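Novice: turn this into a structure:
(one chain, ligands or ions: 1)
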Amino acid sequence: MEIVTVNRHAHFNAAHRLYNPDWDDERNEAVFGKCFNPKYHGHNYEMIVSVTGPVDPETGYVLDMKWLKDLIAERVEDYLDHKNLNEEVPEFAELNPTVENIVILIWKRLKPALNPEFKLKVTLFETPRNFAEYNGS
Ligand code: NI
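Specialist: Got it, this is the predicted structure:
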């Protein structure tokens, strides 16, 4: 059976700041630069959710893209959109909300809802030029 990857593009806006509470301001500023700003700053995050699996001969689909769209809205957009990631998302209470850690969180929130035979990859753009990918490995 043929294996195909289908992709859904979605986005959310969120604020964050990056710092290590064990470091002094000077070291935080040296490592995190503008992202250390105590007043926070925002990003327009763009994500691509990629699901790989067999094409169902009855539908011609890997999966129903409307279902995937709704899943992303429920599990990711509702959870992260217009949030202060440090203060409003429990996973980031003590974990830096870097693009790396956010893409892992998104993957973990989506994967359990998918049929286990599907492979999932999430690509997250923090800026048009900086992005991270996670596929669970
Ligand atoms: Ni930032």
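Novice: list the helices and strands the longest helix seen in the chain packs on?
Specialist: Once the chain is assigned using DSSP state H, the helix that runs over the most residues is helix 99-110. In terms of contacts (3 or more C-beta pairs under 8 Å, 6 or more residues apart in numbering; DSSP states H and E), helix 99-110 is packed against strand 41-54, helix 78-80, strand 119-125, strand 131-134. Heads up, the C-betas are built off the backbone N, CA and C, glycines and all.
Novice: can you say which of these is packed in most?
Specialist: Ranked by mean neighbour count, the helices and strands packed on helix 99-110 are led by strand 119-125 with a mean of 20 (mean count of other C-beta atoms under 10 Å).
Novice: residues touching that strand, excluding its own?
Specialist: 5, 45-53, 99, 102-103, 106-107, 110-111, 114, 131-136 (C-beta atoms under 8 Å, 6 or more residues apart in numbering).
Novice: run me through the strand neighbours of it, direction for each.
Specialist: Strand partners for strand 119-125, identified by DSSP bridges, are recorded as strand 41-54 (antiparallel), strand 131-134 (antiparallel).
Novice: what average pLDDT does that strand get?
Specialist: Strand 119-125 carries an average pLDDT of 98.
Novice: tilt between that strand and helix 99-110?
Specialist: Going by axes from the mean of the first three to the mean of the last three C-alpha atoms, to 10 degrees, strand 119-125 is angled at 140 degrees with respect to helix 99-110.
Novice: distance from strand 119-125 to the middle of the chain?
Specialist: In this view, strand 119-125 has its centroid 7 Å away from the chain centroid, taken as C-alpha atoms, centre = their mean, to the nearest Å.
Novice: make a markdown table from the strands paired with strand 119-125 and add distance to residue 121 and mean pLDDT to it.
Specialist: Shown next, in a markdown table, are the strands paired with strand 119-125 (distance: least, C-beta to C-beta, whole Å; pLDDT from 0 to 100):
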| stretch | distance to residue 121 | mean pLDDT |
| --- | --- | --- |
| strand 41-54 | 4 | 97 |
| strand 131-134 | 6 | 98 |
